[in-house]
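> 3D model of this:
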Amino acid sequence: MDNIENYSFTKRGIFMTNYSVFLPSYSIGVDAYKRIPYVTRRYGNKVVVIGGKTAISKAKSDILEGINESNIKVLDFIWYGGNSSYENVEALLNNTKVKEADIIFAVGGGRAIDTCKVVSDKLDKPMFSFPTIASNCAACTAIAVMYNADDTFRDYYYPSEPAIHTFINTRIIAEAPDNFLWAGIGDALSKESEVLLATRGKELSHTPLLGAQLSRACDEPLLNFSAKALEDCRHNTTSYELEQIALDIIISTGLVSNLTSDAEKYYYNSSLAHCVYYGSTVVPGCAGHLHGEIVSFGVLCLLTYDKQFEKRDRIYEFNKSIGLPTYLDDIGIKKEDVEKMVHKMNGVTEWYCAPYEVTEENFIKAILDTDEYSKNK
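I've put the predicted structure just below:
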């Protein structure tokens, strides 16, 4: 029973330890912001809006319209600082308007929202998220990726809970550059394959079991609706397909993340596809490629390594259909780079998120086999 996580053992047997799970609710649609007064009604009426400069410029009028005729007062619209760093967090913690506010509205992409998570956690203020791009699930996860002042990765910060509610304005998502949505699709494509690999053979308790089952809802919307959603985004048009993809990227994968990772007890949230991304950081040619872009190639490598060839074929065809990478040249990697990439991967958390031992030799082969398979198609 040594693979049963999150249990305490006594002479009387096993029992579940005390724990809490916090999951965000959400609103979506072109009029999503009109739900702000109702959703926030119990948390106070003084709001500070923190986010990226472009994001705030896109969302400001809709937020103000949404709270019109309510008792909500926006104290200020504040730039988050440009990076999710503790230096920017400290500046916000010392901002008079932030101190005075009852509520924090986090507006923008992942780094802006992650910064707000830390600020709200340290001040114990309720936070509501307003993603303006559909490129990741930061808007509803209880983890913040923190960077040093020079933009190098520093650590993960785990707030006590995620945003209370996420407001997704599909018109704003549709008007964002389509490459953000494209990369978000590539990143979300990893969730089902990685979680099901990481949890295979485990005797899961309720929370990670729920997350693993929910991960099974991530692939199909991407495969069915991505092409139309991207086309609509290029024309700045809202649609059912765009809505489904935004929900998949922001909500579905975010809920899975919250349910399958615990800072102290277990981690099933990602696996070998993200290893490929981490390994790519030692290859200069990858610098111009987006996170989700590289992860999508990592999915093909994971499926090759795990001998899921039928699914690999399907994901290959999908990647080709919307221009996501299928071989090394697509992401600026040469065959001679692969060994140092894999050496970099060995040791990161995700390297061990598999039901068997992963070896450098075999993973090098899997990457090269993926590249060869794609070139020969």
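
> Number of residues surrounding the closest residue in space to residue 43 that isn't next to it in sequence?
Take residue 43 and drop its neighbours on the chain: the residue closest to it by Cβ to Cβ, 6 or more residues apart in numbering is residue 126, 4.6 Å away. Just so you know, the C-beta spots here come from the backbone N, C-alpha and C atoms, and that holds for glycine as well. Neighbour count of residue 126, defined by other Cβ atoms under 10 Å: 18.

> what residues are up against residue 59?
When contacts are counted by Cβ atoms under 8 Å, 6 or more residues apart in numbering, residue 59 is found next to 33, 51, 107, 130, 132, 169, 172.

> Out of those residues, list just those in strands.
The strands in this structure, assigned by DSSP state E, contain 51, 107, 130 from the contacts of residue 59.

> Might one say that the second one is in contact with residue 50?
What that stands for is residue 107. Yes: between residue 107 and residue 50 there is a contact under Cβ atoms under 8 Å: 7.0 Å.

> circling back to that earlier point, filter the contacts of residue 59 to the buried ones?
For these, a neighbour count by 16 or more other Cβ atoms under 10 Å gives the buried set as 33, 51, 107, 130, 132, 169, 172.

> hang on, the earlier thing: include pLDDT and distance to residue 96 when you put the ones in strands among the contacts of residue 59 into a markdown table, please.
As requested, those are exported to a markdown table (pLDDT from 0 to 100; distance: Cβ to Cβ, whole Å):
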| residue | pLDDT | distance to residue 96 |
| --- | --- | --- |
| 51 | 98 | 18 |
| 107 | 98 | 20 |
| 130 | 98 | 22 |
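
> just to revisit the earlier point, state the phi and psi torsions of the residue nearest to residue 43.
Residue 126 adopts backbone torsions of phi -70, psi 140, taken as degrees, to the nearest 10.

> next one: residue 60
Main-chain dihedrals, residue 60, degrees, to the nearest 10: phi -60, psi -50.

> give me every residue that touches it.
Applying Cβ under 8 Å, 6+ apart to residue 60 gives the contacts 49, 77.

> where along the chain do the strands fall?
Using DSSP E, the strands assigned to the chain run over residues 7-10, 13-16, 25-28, 46-51, 73-79, 103-108, 127-131, 144-147, 153-157, 165-168, 261-262, 266-267.

> Just name the most buried of these.
Stretch with highest mean neighbour count among the strands of the chain: strand 127-131 (a mean of 29; mean count of other Cβ atoms under 10 Å).

> what's the angle from that strand to strand 103-108?
In this structure, strand 127-131 runs at an angle of 20 degrees to strand 103-108, with axes from the mean of the first three to the mean of the last three Cα atoms, to 10 degrees as the basis.

> Could you measure from residue 30 over to residue 258?
Computed with Cβ to Cβ, to the nearest Å, the distance linking residue 30 and residue 258 is 27 Å.

> ok, these two, which is more surrounded?
When neighbours are counted by other Cβ under 10 Å, residue 30 and residue 258 differ, and residue 258 comes out ahead with 24 against 15.

> wait, that one sits on residue 159?
No: using Cβ under 8 Å, residue 258 is not in contact with residue 159; the gap is 11.2 Å.

> returning to that earlier point: from the contacts of residue 59, pick the one nearest residue 294.
Of all the contacts of residue 59, the one with the least separation from residue 294 (Cβ to Cβ) is residue 132, at 23.0 Å.

> Which residues are in contact with the closest one?
For residue 132, the contacting residues are 51-52, 54-55, 58-59, 107-109, 169, 172-173, 176, by Cβ under 8 Å, 6+ apart.

> which one is it nearest to, not counting chain neighbours?
The shortest distance from residue 132 to any residue other than its chain neighbours is 4.2 Å, reached at residue 55 (Cβ to Cβ, 6+ apart).

> wait, isn't the one you found in contact with residue 106?
No: counting by Cβ under 8 Å, residue 55 does not reach residue 106; the two are 9.6 Å apart.

> overlap in contacts of the two?
Once Cβ under 8 Å, 6+ apart is applied, the residues that residue 55 and residue 106 both contact turn out to be 112, 130.

> Out of the contacts of residue 59, the closest to residue 64 would be?
Checking those one by one against residue 64 (Cβ to Cβ), the nearest turns out to be residue 33, at 9.0 Å.
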